[in-house]
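Student: What shape does this take:
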Amino acid sequence: MSDTQFDKTKVINSFIVAEPTENDNKVIARISTNALNRNNLIINQFGIDWTNYLKNPVVLPFHNTEEKPIGLAQNFQISEAQTVCEIIFNDTKEGQDFKYLYKNGFMKAFSVGLLPVDVKLNDNDTVSVDKSEGLEISGVTIPADPNALVLRNCINNVKTVKLKKEFERQLFEILINSVDELKNKIEQDKRYDELNEKIDKAFQLIAESKNMLDIYEQNKQTDEFKKIQEIQNSIVTIKNDYKKINDLLEAYKQN
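Tutor: Numbers count the residues shown, from 1 in each chain. Have a look, this model is predicted:
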């Protein structure tokens, strides 16, 4: 086993758990539903034509068409019950102000600006908007549709950040405190061949734990508790494996 395998800097850089950056400006939001809204309208989600909007997918502040957009919308998912999309905040001061409000829970609602094309009055005095054209999407404080809210905040929530920080802390503690010690003991003993397999397994476990964290990051919203348990268990496994290696080294030393 070469010394480079024990290089502390290289090991830490290989397994560092980086904070996500690519999705920091994004939230996923339900922008419209087929439920009766505060304007007494029932909007057919399949009847909204977004064709022209997608040529200029602006997200505005409070339906104000004279203000600069705060972002754009993309990746629409439309069902009978709702329309969901990604909201990407731009890097302008206004966009970043709105990002802060949404990311920290001070704002949660969105609203769509529609041009009705085909409407009908129902017997209960509600109005069905069967066909419409989507003109714009806005960040708002009080939406006409009370269900038009942020579904997922794509930057890590507080629980996840704490979990990842704890994972980093424990992993680095294992690496810093154990790797140098193992290197020194192995160099003194010179019995590389008999220890290589177990030490390599320990590093493999660390790599697998990093991969598990990546999988968790991708799926945390769908099965968060399970992934948290898996990561916590992997930390215990790594610690136990290093303990076994240390015990083995002590046994060699005594012999």
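Student: from here on, contacts and neighbour counts on C-alpha atoms
Tutor: Fine.
Student: Pretty sure Val58 sits against Lys68.
Tutor: No: using Cα atoms under 8 Å, Val58 makes no contact with Lys68, being 9.3 Å away.
Student: who's more crowded, the two?
Tutor: For Val58 versus Lys68, neighbours defined as other Cα atoms under 10 Å are more numerous around Val58 (22 against 14).
Student: any idea how far the residue lying closest to the more buried one once chain neighbours are set aside is from Pro116?
Tutor: Residue nearest to Val58 in three dimensions, not counting chain neighbours: Leu72, with 4.6 Å by Cα to Cα, 6 or more residues apart in numbering. As judged by Cα to Cα, to the nearest Å, Leu72 and Pro116 stand 22 Å apart.
Student: re earlier: quick one: buried residues of the helix or strand harbouring the residue nearest to Val58?
Tutor: Using DSSP states H and E, Leu72 falls within strand 71-78. Within strand 71-78, the residues that count as buried by 16 or more other Cα atoms under 10 Å are Gly71, Leu72, Ala73, Phe76, Ile78.
Student: which residues touch it?
Tutor: 45-46, 54, 57-60, 83-90, 95, 137 (Cα atoms under 8 Å, 6 or more residues apart in numbering).
Student: do the same with stretch 49-56
Tutor: Counting by Cα under 8 Å, 6+ apart, Gln74, Lys131, Ser132, Glu133, Gly134, Leu135, Glu136 sit against stretch 49-56.
Student: do that again at 6 Å, thanks
Tutor: By Cα atoms under 6 Å, 6 or more residues apart in numbering, the surrounding residues in contact with stretch 49-56 are Glu133, Gly134, Leu135.
Student: go on, stretch 132-148?
Tutor: Residues from elsewhere that reach stretch 132-148, judged by Cα under 6 Å, 6+ apart: 30-32, 37-38, 48-50, 53, 59-63, 109-117.
Student: Just the buried residues of these.
Tutor: Buried among the contacts of stretch 132-148 by 16+ other Cα under 10 Å: 30-32, 37, 48-50, 59-63, 109-112, 114, 116.
Student: In strands only, show me the residues you listed.
Tutor: 30-32, 48-49, 59-61, 109-112, 114, 116 (DSSP state E).
Student: Please render the residues you listed as a markdown table that adds distance to Asn122 to the earlier fields.
Tutor: Formatted as a markdown table, these follow (distance: Cα to Cα, whole Å):
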| residue | distance to Asn122 |
| --- | --- |
| Arg30 | 25 |
| Ile31 | 24 |
| Ser32 | 20 |
| Ile48 | 19 |
| Asp49 | 22 |
| Val59 | 31 |
| Leu60 | 31 |
| Pro61 | 32 |
| Ala109 | 27 |
| Phe110 | 26 |
| Ser111 | 23 |
| Val112 | 22 |
| Leu114 | 19 |
| Pro116 | 16 |
